[in-house]
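Undergrad: just the structure for this:
(3 chains)
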Amino acid sequence: MKKSRLPMVLLGVGLAFLYLPIVLLVVYSFNDNRSLTVWTGASLRWYHELIQDGQMLEAAWLSLRIAFATACGAVVLGTLAGLMLARFGAFRGRALFAGMISAPLVMPEVIMGLALLLLFVSAEQLIGWPAGRGVLTIVLAHITFTMSFVAVVIQSRLVSMDVSLEEAAMDLGARPAKVFFVITLPIIAPAIVSGWLLAFTLSLDDLVITSFVSGPGSTTLPMIVFSSIRLGLKPEINALATIVVAVVATGIGLAGFLEARRARIREREESQAGRV
Amino acid sequence: MPVPPPSAAPQPSAVPPSVAPRTLKDRVLRVTRRLGLTGRGGVILGPYAWLVLFFFIPFLIVLKISVAEPAVGIPPFTKLIEWVDGGLDVHIRFSGFQALFDDDLYVLAYLNSLKIAFVSTLCCLFIGYPMAYAIATAPEKRRGPLLMLIILPFWTSFLIRVYAWMSILKDEGLLNNLLLSLGIIHEPLKILYTDLAVYIGITYSYLPFMILPLYATLEKMDHTLLEAAADLGAKPWKAFLTITLPLSLPGIVAGSLLVFIPAVGEFVIPSLLGGSDTLMIGRELWNLFFNSRDWPSASAVAIALLAFLVGPIMIFQHFQGRDQDKGAAR
Amino acid sequence: MSDAPDPRPRPAATGPIGKSPAAKSPAVKFEPWHDPAAKPYIRIEKVTKRFGDFTAVDNVSLSIYRGEFFSLLGGSGSGKTTLLRMLAGFEQPTEGRIFIDGVDMAGIPPYDRPVNMMFQSYALFPHMTVENNVAFGLRQDGVPKDEIRTRVAEMLELVKLTPFAKRKPHQLSGGQRQRVALARSLVKKPKLLLLDEPLGALDKRLREQTQFELVNIQEKLGVTFVVVTHDQEEAMTMSTRIAVMDHGAIAQVGTPTEIYEYPNSRFTAEFIGSVNMFEGNIVESEPDHSLIRSAEAGCDLYVTHTAHLAAGSHCWVAIRPEKVSITKEKPAEADGGRNVTRGVVREIAYLGDISIYQIDLASGKRVRATAPNVTRRTELPITWDDEVWLSWRPFAGVVLTD
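TA: Now for the predicted structure:
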């Protein structure tokens, strides 16, 4: 059957749509001019201004710490949640649990943010904890919405994993907890890493929920970026964007390279399978 | 389990536990098992308790505060139930909800949010479907990298991607400069700070969420079905409409909901790209909360928004649950 | 019927390979199921398993003896795998009990059972080497390191995989993976080894070779095997006994010869091999013979065993195609028109070693007969549309009631 070229052309156009704005940001971050639209010459001026912006750097450091804590917490809870959904069959309250774990995937952030803030305020009134809002409340809120994403990643990995691997381990005398740590965990490790990175990125990027649950002295990077671009364009943001894009691209490129190399080695080994 | 004796025994050396002397550990395990306190129960407890505490209860609190009275103080609302002179004093008011209907602003904001989310979802579908289709039908080796290209922008900051559009769409922005220099227009188009910019922003930001579920269903599809259809005389377009499209319906629904539901409550995009007259309910909620400090009314807005979205969320979970039920069926 | 002793010496072709009496002990035939004093090693008592409304295993009782190579044979959905998984402990019976070596297995989890299983997918741990896969079970029991090393080495030697000890599963061929799975499940010296379609993933040539290896290893180690398979040839070749399963229930239990030569139901007769089934009515049912009148067959059928039925009862007579002989002349030994009928050859399929003939009788019934090609094809005396005589010996038929 002759294949139509139309979808491929549209894919190209779509990818251009996705990447053009990012490419423009990167290009104009090296522009000497404040106007952002007229190219007047290459310069690192905005990078220089960016690294001198103490407030911005402080916020970035705070965001990274929050994202790290969030990703670690979300990976633990999300992995357990994924395990429950993929392996525990029909436990009591499963429907409610499945509902609660998938709702944050689509729940508008303003609602999540408001709900969590009201929880923290009420809890403080009632039991005096958490005292005020700050890093702790941000991390708790971030874990809550990112664990759903981790759970989805882990669950889909577990569903595609051969259950008889776990049964075989159990059959050979390993108790369930041991099976999880010695068999399941190493096999789904790549999914756990992607879950961690996903939670890290979501946390690092979150503005709305953070704005609700943050307190004085816990201003994160997205909050600073938002308040500065709300009033208009700011070329330092281009520099910041370029750094983010560079970090992500390097990370993904590295991951892709390692994965390709692993696949090549594996392919070679498989082609020689069985030979001494 | 006791350690079996060294392997000298010619017959099976594994000792069945019921014959072997019971160790303390075995006894403890048996008792806990009988009480239902298995490791499994412990695993369930953790995430379950977390979600009840940080997801379920907060909504009850929102519901509660939506019927409280605003007050000047910290926190800025009254208690619902108070002990006053030994009697129980209950303050519940529905004026927060009443205001939603009295003031045109909120009704218009709800309607406009639904409209913007709906149109943006359609745009995502029309742009995303051919892209997902192209990836799903590409040679297997190229699917991974292509999919990576779709996901990649998602890993860069959402805020920054919206910001990028500000510099493209503004009056003396790149788009206008380009159109002017090509002579297509003679004076700059006003796009930034209009609804159009919001449509563009939402479509752009949510496009990967549409493509991924679409790709998942299209990729699973048996491509010999199309060959069979062609063999039976169906023209490619006819085959697409009668075979591919109906079979990819689950992906279309999942992708559309993944875009539509969060888009209804979107805040960042309308506040950065929309004009002051771009009414969206997420933005109104934010303003009520941060600017007016009217927490009860903000809660009422949230409850009303949730009421709109409960239906779509349930449908979404139904589709999401299909995968999960593969696990439950065991 | 199922317990009828086999009156004739076991034909080499259908008997289990290598399962000669000599392999067990020189004088005694290995048939513990005929010994009233023998204690079953595995006892399955009235076991039922339901999944919701679906009954996967329906009131099954079985006794399996030490050292047996026992096959559960059935189509998909026959409940054979569910029964196996209950022995392993992955499923709990809804009703009934399972005893292994006298111990009730109720509530004992898989990791505490003296049973190991070889999975259909092999379930080799992809992140461990061959060596570590095999050692896994011993590690769980806290066996000393030195002992693990020697036992793993012995086991790899047995399955001829010593040079591959350091490989990962993906670096092995399908047949090698199968042997790793076998070694891993045998290394703990289980009382009972469960094998779920052990040869299912191998190609035909490898499968035949592996059948022999599997039987040899089983005899060498003396472990009791319970095998699930849908392949009747495989079950016939390897097993001491076979349980034929249908819709969750046991249709028949017996040695391969019993199952093939003395099926107890139309289901078993038709499931194993191919068969001609003639419908008819009992004329005589004496202790040493039965006579059945069958309009379908176009003759009276004389069978050398009793049908335990009253005259006039409705029944079927099953006759295997290879027991039907085809001649152009009326056979000389045909007495009184019994066990002899006429038909026209409609189809001939030449398979090399044998040919299959499809013959239409006057009643319209189509009969299948096979004949070895002792002569060259060009000299074949019988061809399409020939009118032929079909006959069979009195012991060839089996009377069936359902």
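Undergrad: drop to CA atoms for contacts and neighbour counts, all remaining ones
TA: Noted.
Undergrad: contact partners for the closest residue to residue A:196 other than its chain neighbours?
TA: In space, and not counting its chain neighbours, residue A:196 is closest to residue A:71: 5.1 Å by C-alpha to C-alpha, 6 or more residues apart in numbering or on different chains. Residue A:71 makes contacts with A:143, A:146, A:196-200, A:203, as judged by C-alpha atoms under 8 Å, 6 or more residues apart in numbering or on different chains.
Undergrad: residue B:189 - how many residues pack around it?
TA: 17 (other C-alpha atoms under 10 Å in any protein chain shown).
Undergrad: go ahead and confirm it touches residue B:176.
TA: Yes: with contact defined as C-alpha atoms under 8 Å, residue B:189 counts as touching residue B:176 (6.5 Å).
Undergrad: which one among the contacts of residue A:71 gets closest to residue C:223?
TA: Distances from residue C:223 to the contacts of residue A:71, taken as C-alpha to C-alpha, are shortest for residue A:196 (46.6 Å).
Undergrad: quick one: contacts of the helix or strand containing the closest one?
TA: Taking DSSP states H and E as the criterion, residue A:196 maps to helix A:185-205. For helix A:185-205, the surrounding residues in contact (C-alpha under 8 Å, 6+ apart) are A:63-64, A:66-68, A:70-72, A:74-75, A:79, A:142-143, A:146-147, A:149-151, A:153-154, A:157-158, A:221-222, B:155, B:157-159, C:126-127.
Undergrad: one more pass at 7 Å, please.
TA: A:63-64, A:67-68, A:70-72, A:74-75, A:142, A:146, A:150, A:153-154, A:157, A:222, B:155, B:157-158 (C-alpha atoms under 7 Å, 6 or more residues apart in numbering or on different chains).
Undergrad: give the contact list for the closest residue to chain C within the stretch 101-250 of chain A.
TA: Across the stretch 101-250 of chain A, no residue is closer to chain C than residue A:173, which sits at 3.9 Å (C-alpha to the nearest C-alpha). Residue A:173 is in contact with C:111-112, C:137, C:140-141, counting by C-alpha under 7 Å, 6+ apart.
Undergrad: what's opposite residue C:226 in the beta bridge?
TA: Residue C:226 has these beta-bridge partners by DSSP bridges: residue C:70, residue C:194.
Undergrad: does anything pack onto the helix or strand residue A:255 falls within? Which helices or strands?
TA: Here residue A:255, judged by DSSP H and E, is contained in helix A:235-271. Packing partners of helix A:235-271 (3 or more C-alpha pairs under 7 Å, 6 or more residues apart in numbering or on different chains; DSSP states H and E): helix A:6-28, helix A:45-51.
Undergrad: tell me what the shortest one is packed against?
TA: Identification of packing neighbours for helix A:45-51 by 3+ C-alpha pairs under 7 Å, 6+ apart yields helix A:235-271.
Undergrad: where does pLDDT dip in the stretch 1-150 of chain B?
TA: Where the stretch 1-150 of chain B drops to pLDDT under 70, the residues are B:1-39, B:71-74, B:78-91.
Undergrad: now the strands for it?
TA: B:81-84, B:87-90 (DSSP state E, counting those that start in this stretch).
Undergrad: would JSON lines of the contacts of residue A:71 with neighbour count and pLDDT be doable?
TA: Supplementary listing: these in JSON lines, determined by neighbours: other C-alpha atoms under 10 Å in any protein chain shown; pLDDT from 0 to 100:
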{"residue": "A:143", "neighbour count": "30", "pLDDT": "97"}
{"residue": "A:146", "neighbour count": "28", "pLDDT": "96"}
{"residue": "A:196", "neighbour count": "27", "pLDDT": "95"}
{"residue": "A:197", "neighbour count": "19", "pLDDT": "92"}
{"residue": "A:198", "neighbour count": "22", "pLDDT": "92"}
{"residue": "A:199", "neighbour count": "30", "pLDDT": "95"}
{"residue": "A:200", "neighbour count": "27", "pLDDT": "95"}
{"residue": "A:203", "neighbour count": "27", "pLDDT": "95"}
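Undergrad: which one of the residues you listed sits closest to chain B?
TA: When these are compared against chain B (criterion: C-alpha to the nearest C-alpha), the nearest one is residue A:198, at 8.0 Å.
Undergrad: poorly predicted segments of chain C, please.
TA: Residues of chain C that meet the cut-off, pLDDT under 70, sit at C:1-29, C:334-335, C:376-380.
Undergrad: near chain B, which residues of it?
TA: Within reach of chain B by C-alpha under 7 Å from any C-alpha of the partner chain, chain C has these residues: C:112-114, C:141-143, C:189-191.
Undergrad: how about the residues you listed in JSON lines, adding distance to chain A, secondary structure and neighbour count?
TA: Listed next are the residues of chain C next to chain B as JSON lines, based on distance: C-alpha to the nearest C-alpha, whole Å; DSSP: H, G, I helix; E, B strand; the rest coil; neighbours: other C-alpha atoms under 10 Å in any protein chain shown:
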{"residue": "C:112", "distance to chain A": "6", "secondary structure": "helix", "neighbour count": "23"}
{"residue": "C:113", "distance to chain A": "8", "secondary structure": "coil", "neighbour count": "25"}
{"residue": "C:114", "distance to chain A": "9", "secondary structure": "coil", "neighbour count": "25"}
{"residue": "C:141", "distance to chain A": "7", "secondary structure": "coil", "neighbour count": "18"}
{"residue": "C:142", "distance to chain A": "10", "secondary structure": "coil", "neighbour count": "13"}
{"residue": "C:143", "distance to chain A": "12", "secondary structure": "coil", "neighbour count": "18"}
{"residue": "C:189", "distance to chain A": "11", "secondary structure": "coil", "neighbour count": "23"}
{"residue": "C:190", "distance to chain A": "10", "secondary structure": "coil", "neighbour count": "23"}
{"residue": "C:191", "distance to chain A": "13", "secondary structure": "coil", "neighbour count": "26"}
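Undergrad: what two of the residues you listed are the furthest from one another?
TA: C:142 and C:191 (18.7 Å).
Undergrad: how far is stretch A:40-58 from where the chain is centred?
TA: 26 Å (C-alpha atoms, centre = their mean, to the nearest Å).
Undergrad: can you list the neighbours in contact with that stretch?
TA: A:29-33, A:221, A:224, A:235-236, A:239.
Undergrad: do the same with stretch C:80-96
TA: C:45-50, C:56-57, C:72, C:74, C:109-110, C:115-117, C:194, C:228, C:245.
Undergrad: which ones among these are found in strands?
TA: Those of those mapping onto strands are C:45-50, C:56-57, C:72, C:74, C:115-117, C:194, C:228, C:245, per DSSP state E.
Undergrad: and stretch A:77-86, anywhere near chain B?
TA: Yes: shown here: stretch A:77-86 in contact with chain B (C-alpha under 7 Å from any C-alpha) through A:77, A:80-81, A:84-86.
Undergrad: shaky segments in the stretch 1-150 of chain A?
TA: Checking the stretch 1-150 of chain A against pLDDT under 70 turns up A:1-3, A:35-37.
Undergrad: can you rerun that using 80?
TA: By pLDDT under 80, the low-scoring segments of the stretch 1-150 of chain A are A:1-4, A:33-41, A:90.
Undergrad: helices of that one, residue ranges please.
TA: Secondary structure of the stretch 1-150 of chain A, counting by DSSP state H, counting those that start in this stretch: helices at A:6-28, A:45-51, A:54-87, A:94-106, A:109-127, A:135-160.
Undergrad: and the fifth one with helix A:94-106, angle?
TA: So the one you mean is helix A:109-127. Interaxial angle of helix A:109-127 relative to helix A:94-106 (axes from the mean of the first three to the mean of the last three C-alpha atoms, to 10 degrees): 120 degrees.
Undergrad: now do helix A:109-127 and helix A:135-160, the angle between them.
TA: Using the same axes, to 10 degrees: helix A:109-127 against helix A:135-160 is 120 degrees.
Undergrad: give me the buried positions along helix A:109-127.
TA: Buried residues in helix A:109-127, counted by 16 or more other C-alpha atoms under 10 Å in any protein chain shown: A:109-122.
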